[in-house]
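# any chance you could fold what I've pasted below:
(one chain, ligands or ions: 3)
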Amino acid sequence: MIITLSVIKADIGGYVGHSSSHPEVIKKGEESLSNALKKGLLTDYHVTRCGDDLELIMTHQHGEDSDLIHKLAWDTFVDCTQVAKKLKLHAAGQDLLTEAFTGTVKGMGPGVAEMQFDEREAETIIILMADKTAAGAWNLPLYKIFADPFNTIGLVIAPNMHTGFSFEVHDVKLSKKIIFNAPEEIYDMLVFLGSPSRYAVKAVYHRETKEIAAVSSTQRLALIAGRYVGKDDPVCIVRSQGQFPAVGEILEPFTSPHIVEGWMRGSHHGPLMPVAINDSNPSRFDGPPRVTALGFQLSSGKLIGPRDLFDDPAFEEARCQANAIADYLRCLGPFEPHRLPLEEMEYTTMPQVMKKLEGRFEDL
Ligand code: F6R
Ligand code: MG
Ligand code: MG
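Ligands and ions are numbered 1, 2, ... in the order given. Prediction:
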């Protein structure tokens, strides 16, 4: 059975501040998708949140980039924004950058990750969702999952993974893409993946079967809006088991919290902390950035689950480590490398401060 899995997300209002989501907003989202299910537009859905982001997980038969599905997501966000406005939640409608729907949610604010595939005998999928960070946050984990044998032993000892994976990498500033083959091109590829604010892994494919293995949202809100409008808070879909990495191989990179950009005012580096959905409430200095993971089995497009995969004491140590890293970075206050470098601040106060001081800079 050919099925499309679409994860479309937006921050349409925070509770309290930008720290979490209000239950009534989620309820509204569920209502909206439940109606779509009744009308036969969806095969199944699951509505959840990561911090202040509303996450619509949908299966359907309309393919990727379907205007029907994108419109459904857009209308759902608009309806949820009404609830957020009624409750006067913070920054209601923040990620809806345009007034009206124009055929796709791409470039309009919401984040999108979609993949179409032929559902396997057992189709295990994991949806990774992050808050208070940007699209490049998946670079390091996706590299480890699909190219690092120290993380994914299947690359070495599973005959159906041994040929490796190819990575589609996007230059999010110049809107260009390139495909790298792992393992033979990993040195070239890492030149780019190591700069996640500019280059982001959009998709990963199995080299032999050409099947889609992972897809992420790479929208950069600030680049779309031309000003600071919050961080992108990206999502990523990863297929698991069989010819793809096992569940444990997909979760393993998150046992050592890597440093991502985002956190307070989207302007800081901080550790990505793996947490259960219920703990995705970034409140310390509006963070530290969080990652959540929901696992499902697909059964003829029905989402069997979710299992909250970071709801596991085995990630306790990673959370402690993330807190220790957070303590240390916070000591640096407004100094780099805690605060982002100037180029990344160009959408915050930088232009105004520069303008104000323009006349006072003298030649040396
Ligand atoms: C970061 C984030 C928060 C806000 C901060 C100020 O992505 O959402 O750290 O930037 O709370 O929020 P405003 O400007 O909405 O008062
Ligand atoms: Mg927010
Ligand atoms: Mg958010």
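
# going forward, measure contacts and count neighbours with C-alpha atoms only.
Will do.

# next, the residue in the stretch 101-250 of the chain that ligand 3 sits nearest to: phi, psi?
Relative to ligand 3, the nearest point of the stretch 101-250 of the chain is residue 131 (4.8 Å; CA to the ion). When read as degrees, to the nearest 10, the backbone of residue 131 gives phi -130, psi 150.

# for it, which non-adjacent residue is spatially closest?
The shortest distance from residue 131 to any non-neighbouring residue, by CA to CA, 6 or more residues apart in numbering, is to residue 233 (4.5 Å).

# tell me the contacts of the one you found?
53, 111, 129, 130, 131, 132, 133, 134, 135 (CA atoms under 8 Å, 6 or more residues apart in numbering).

# which residues of the stretch 201-350 of the chain fall in strands?
Shown for the stretch 201-350 of the chain, the strands assigned by DSSP state E, counting those that start in this stretch span residues 212-216, 235-240, 259-262, 268-271, 273-274, 290-299, 302-308.

# any low-confidence regions in the stretch 151-300 of the chain?
Scanning the stretch 151-300 of the chain for pLDDT under 70 picks out 222, 225-230.

# how about the residues of it by ligand 1?
For the stretch 151-300 of the chain, the residues in contact with ligand 1 (CA under 6 Å from any ligand atom) are 230, 231, 263, 264, 265, 266, 286.

# what's the distance between the second one and residue 261?
Just to be clear, that refers to residue 231. According to CA to CA, to the nearest Å, residue 231 stands 9 Å off from residue 261.

# quick one: common contacting residues for these two?
133, 134.

# what about the helices in the chain?
23-38, 67-86, 139-147, 154-157, 186-193, 221-225, 247-251, 316-330, 350-357 (DSSP state H).

# looking at those, which is nearest to residue 212?
With CA to CA as the measure, helix 139-147 is the member of the helices of the chain nearest residue 212 (12.2 Å).

# contacting residues for the closest residue to residue 160 other than its chain neighbours?
Closest residue to residue 160 apart from its sequence neighbours, by CA to CA, 6+ apart: residue 243 at 5.2 Å. With contact set as CA under 8 Å, 6+ apart, residue 243 has these partners: 160, 161, 206.

# you'd agree the last one is up against residue 167?
No. Distance between residue 206 and residue 167: 9.2 Å, which falls outside the contact criterion (CA atoms under 8 Å).

# who's more crowded, those two?
Remark: of residue 206 and residue 167, residue 167 carries more neighbours, 28 against 22, as counted by other CA atoms under 10 Å.

# and the residue nearest to the more buried one when sequence neighbours are not counted, how many neighbours?
Using CA to CA, 6+ apart and skipping the chain neighbours, the partner closest in space to residue 167 is residue 204 (4.6 Å). Applying other CA under 10 Å, we find 25 residues neighbouring residue 204.

# show me the contacts for residue 204.
By CA under 8 Å, 6+ apart, the neighbours of residue 204 are 146, 165, 166, 167, 168, 212, 213, 214, 215.

# ok, now with 7 Å
165, 166, 167, 168, 212, 213, 214, 215 (CA atoms under 7 Å, 6 or more residues apart in numbering).

# now swap in residue 4 and tell me
59, 60, 61, 62, 63, 64, 115, 116, 117.

# was I right to think the first one contacts residue 41?
No. Residue 59 sits out of contact with residue 41 when judged by CA atoms under 7 Å, with a separation of 9.4 Å.

# quick one: end-to-end distance for stretch 109-124.
Terminal residues of stretch 109-124 lie 29 Å apart, using CA to CA.

# begin at 36, not 1, for the rest of this chat.
Right, with 36 as the first residue, what we last looked at is stretch 144-159.

# want to throw the contacts of residue 268 into JSON lines with neighbour count and distance to residue 385?
JSON lines is the format used below for the contacts of residue 268 (neighbours: other CA atoms under 10 Å; distance: CA to CA, whole Å):
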{"residue": "88", "neighbour count": "29", "distance to residue 385": "27"}
{"residue": "146", "neighbour count": "26", "distance to residue 385": "26"}
{"residue": "164", "neighbour count": "29", "distance to residue 385": "29"}
{"residue": "165", "neighbour count": "28", "distance to residue 385": "26"}
{"residue": "166", "neighbour count": "33", "distance to residue 385": "24"}
{"residue": "167", "neighbour count": "33", "distance to residue 385": "20"}
{"residue": "168", "neighbour count": "30", "distance to residue 385": "20"}
{"residue": "169", "neighbour count": "28", "distance to residue 385": "19"}
{"residue": "170", "neighbour count": "30", "distance to residue 385": "22"}
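
# thank you, goodbye.
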